[in-house]
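Trainee: Provided below are the primary sequence and the corresponding predicted coordinates.
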Amino acid sequence: MWRGLYTAATGMITESYRTDVIANNLANANTTSYKRDDAVSKDFEPMLMRRIDDYSMRQRDITTFKGFSLYSGAPVVGELGMGSQVDEVATDFSQGSFETTGNQFDLAISGEGYFMVDTPQGQRYTRAGNFYRSATGRLVNVNGYNVLDNRGRPIDIPDEATTIIVGPTGNITTDGNFVARLGLFQFEGGNRAVLKQGDNLYRPNGNPRRINGTGEIQQGVLERSNTNIVSEMVNLIANYRAYEANSRAVVTQDTMLEKSVNEVGRNT
């Protein structure tokens, strides 16, 4: 009976964690280039159940001879689940839809790749291309971090620049003059080679080899979040029902335990 309480409780903890992940996806449904997460759960190792003190089949076993039998246990009832837990929070890196803004500093990556920015924690990577020119003339992201070129250097936009063109490979020209080549990178090992850090930034997972990104840069466009609000709401409802079912199981197990202590114990 105690096992039933613990099994249902692990289900509640798992569903509660999954609810947090879904809520975060919904909260970032309008965040530029946000990639939704999915909580992947796994079962604990199941327990093999046998009928208690039931060795009736041993006497009928054809391998039985003078008290020796190859059959060494009671009949198997089946497997008993021992609960669940969140194995990992996996990120869905599928491409989000594009939104045309017309802003010459808004950039989107079509395909594989990340922009590189300079943060207090070091170089980090992002797909959010909603950049702007700072008061000092630097190209920065919404957090004020410098956007870096393909050599890891900040990018300065001339004060007198009126027309800014960013090509598919990241070449930045102002009024026809070359300024810099925007850094566009990816890592060997695919998207699993990066981990979310927060603030729409990613950091390398270990020490993967960095290579040039294969995607193309589109100017005047932003990549939207790949979160589907309808699907997330459906998942949230299903998750709530699973949590509720586990909650009822806990209440049922607790009631049975109370009766065992107060009634069965009294009668014996």
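Mentor: Cool, got the structure. Numbering: from 1, shown residues only.

Trainee: let me know how buried the nearest residue to residue 225 once chain neighbours are set aside is, in neighbour terms.
Mentor: Spatial nearest neighbour of residue 225, excluding adjacent residues (Cβ to Cβ, 6 or more residues apart in numbering): residue 34 at 4.0 Å. Bear in mind the C-beta positions are built from the backbone N, C-alpha and C, glycine included. Taking other Cβ atoms under 10 Å as the criterion, the count of residues near residue 34 is 22.

Trainee: quick check: residue 34 vs residue 199, distance?
Mentor: According to Cβ to Cβ, to the nearest Å, residue 34 stands 11 Å off from residue 199.

Trainee: tell me which strands the strand or helix carrying residue 217 pairs with, and in which orientation.
Mentor: Assigned by DSSP states H and E, residue 217 belongs to strand 216-219. Sheet pairing of strand 216-219 (DSSP bridges) gives strand 107-110 (antiparallel).

Trainee: which parts of the partner strand are buried?
Mentor: Of the residues in strand 107-110, those with enough neighbours to count as buried (16 or more other Cβ atoms under 10 Å) are 107, 108, 109.

Trainee: can you name every helix or strand that the next helix or strand along the chain from that strand contacts?
Mentor: Following strand 107-110 in sequence order, the next helix or strand is strand 114-119 (DSSP H and E). Contacts defined by 3 or more Cβ pairs under 8 Å, 6 or more residues apart in numbering; DSSP states H and E place strand 114-119 against strand 122-126, strand 146-147, strand 184-187, strand 201-204.

Trainee: and the ones you listed: which comes nearest residue 263?
Mentor: strand 201-204 (58.2 Å; Cβ to Cβ).
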